[in-house]
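Chemist: The following block contains a protein sequence and its predicted model.
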Amino acid sequence: MNRKRLLWTPVFATALLMYFARVSHIAVLNYNLFLALLLLWSGAVIGFFRIFAGPGVRRSRLLK
């Protein structure tokens, strides 16, 4: 049960970051910083799910 709840953490964190970006107008004021933060956040979310998935997940045929 805790594992399923932990998987929702990036969803809620993304919602909070999107709200912060909207309120602070970071995408309008400093577009390059916004893109850098977006790339970092995307990498962090991908890394989170790759680590959380563990070794039992079947890899794609393209990665072989």
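Modeler: Noted; the coordinates are in hand.

Chemist: Tell me the buried residues in the helix or strand encompassing residue 11?
Modeler: According to DSSP states H and E, residue 11 maps onto helix 9-24. For helix 9-24, a neighbour-count test (16 or more other C-beta atoms under 10 Å) marks residue 10 as buried. Bear in mind the C-beta positions are built from the backbone N, C-alpha and C, glycine included.

Chemist: Was I right to think residue 17 contacts residue 41?
Modeler: Yes. Judged on C-beta atoms under 8 Å, residue 17 makes contact with residue 41 at a distance of 6.5 Å.

Chemist: Show me the shaky parts of this structure.
Modeler: In the prediction, the chain carries residues with pLDDT under 70 at positions 1, 54-64.

Chemist: Kindly recompute the last result at 80.
Modeler: Across the chain, the ranges flagged by pLDDT under 80 are 1-4, 53-64.

Chemist: most centrally placed residue in it?
Modeler: The residue lying closest to the centre of the chain (C-alpha atoms, centre = their mean) is residue 45, at 2.9 Å.

Chemist: picking that back up, what lies in contact with the helix holding residue 11?
Modeler: Residues from elsewhere that reach helix 9-24 (C-beta atoms under 8 Å, 6 or more residues apart in numbering): 26, 27, 34, 41, 45, 48, 49.

Chemist: could you check the angle helix 9-24 makes with the helix or strand hosting the third one?
Modeler: Element membership for residue 34 (DSSP H and E) is helix 31-53. Taking axes from the mean of the first three to the mean of the last three C-alpha atoms, to 10 degrees, one finds helix 31-53 and helix 9-24 inclined to each other by 170 degrees.

Chemist: List the buried residues of helix 31-53.
Modeler: Buried residues in helix 31-53, counted by 16+ other C-beta under 10 Å: residue 34.
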